[in-house]
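**Student:** Generate a structure from the sequence data that follows.
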Amino acid sequence: MSEKKLAIIATKGSLDWAYPPFILASTAAALGYEVQVFFTFYGLQLLRKKLDLKLTSLGNPGMPMPMPMPVLLQALPGMQSMMSMMMKNKMKSKGVASIDELRSLCIEADVKMIACQMTVDLFEFSNNEFIDGIEFGGAATFLGFAGETDICLFV
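**Tutor:** Down below sits the predicted model:
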């Protein structure tokens, strides 16, 4: 039987949206899948050397909060940073791995991470802003793999 394959497209660059691609990729790799993650648009933030990810609470009514947080309060300056800190502390207290740790797990498990070259050029990033060990390529690079996968996810 051939090895199973998982392809993930990561398009979001916030703290809460960073977890799904890294958790799914590292878990699949641990289960023996060949895994590729294509980071495009805001998802490129997840590959930067310096992670400064914030929570996207505004417009996310499903987020459980210790107290009701009206939309107006969420829009106040400093609220996003405060809520991000609260979420990071909660995750740490519950033993949830950090994004840095999950990203390192993916690297150790040979998850192929591809930064979308078109988006890198669009936002005028320099390749040295990104972690070592990733590849740069376009949609065709990713689709060559995704077309052969058992599972393809867009997160």
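
**Student:** Now for this protein, the helix or strand with the poorest mean pLDDT.
**Tutor:** When the helices and strands of the chain are scored by mean pLDDT, DSSP states H and E, helix 71-74 comes last with a mean of 58.

**Student:** what's downstream of that one, the next helix or strand?
**Tutor:** Sequence-wise, the next helix or strand downstream of helix 71-74 (DSSP states H and E) is helix 79-93.

**Student:** Okay, buried residues for the next helix or strand after that following helix please.
**Tutor:** Counting by DSSP H and E, the next helix or strand C-terminal to helix 79-93 is helix 99-108. Residues of helix 99-108 classed as buried by neighbour count (16 or more other Cβ atoms under 10 Å): 99, 102-103, 105-106. Every residue, glycine included, has its C-beta placed from N, CA and C.

**Student:** ditto for stretch 133-150
**Tutor:** In stretch 133-150, counting by 16+ other Cβ under 10 Å, buried: 134, 137, 141-142, 145-146, 149.

**Student:** Output those residues in CSV, with secondary structure and distance to Gln117 appended to each entry.
**Tutor:** What follows is the buried residues of stretch 133-150, written out as CSV (DSSP: H, G, I helix; E, B strand; the rest coil; distance: Cβ to Cβ, whole Å):
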residue, secondary structure, distance to Gln117
Ile134, coil, 11
Gly137, strand, 6
Thr141, helix, 8
Phe142, helix, 11
Phe145, helix, 16
Ala146, helix, 16
Thr149, coil, 21
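
**Student:** export the residues you listed to a markdown table and tack on pLDDT and distance to Cys116?
**Tutor:** Formatted as a markdown table, the buried residues of stretch 133-150 follow (pLDDT from 0 to 100; distance: Cβ to Cβ, whole Å):
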| residue | pLDDT | distance to Cys116 |
| --- | --- | --- |
| Ile134 | 97 | 11 |
| Gly137 | 97 | 8 |
| Thr141 | 92 | 9 |
| Phe142 | 93 | 8 |
| Phe145 | 96 | 14 |
| Ala146 | 96 | 13 |
| Thr149 | 96 | 18 |
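
**Student:** Closest one of the residues you listed to Ala10?
**Tutor:** Of all these, Ala10 sits closest to Phe142, with 10.9 Å by Cβ to Cβ.

**Student:** you'd agree the closest one is up against Phe38?
**Tutor:** Yes - using Cβ atoms under 8 Å, Phe142 is in contact with Phe38, at 4.0 Å.
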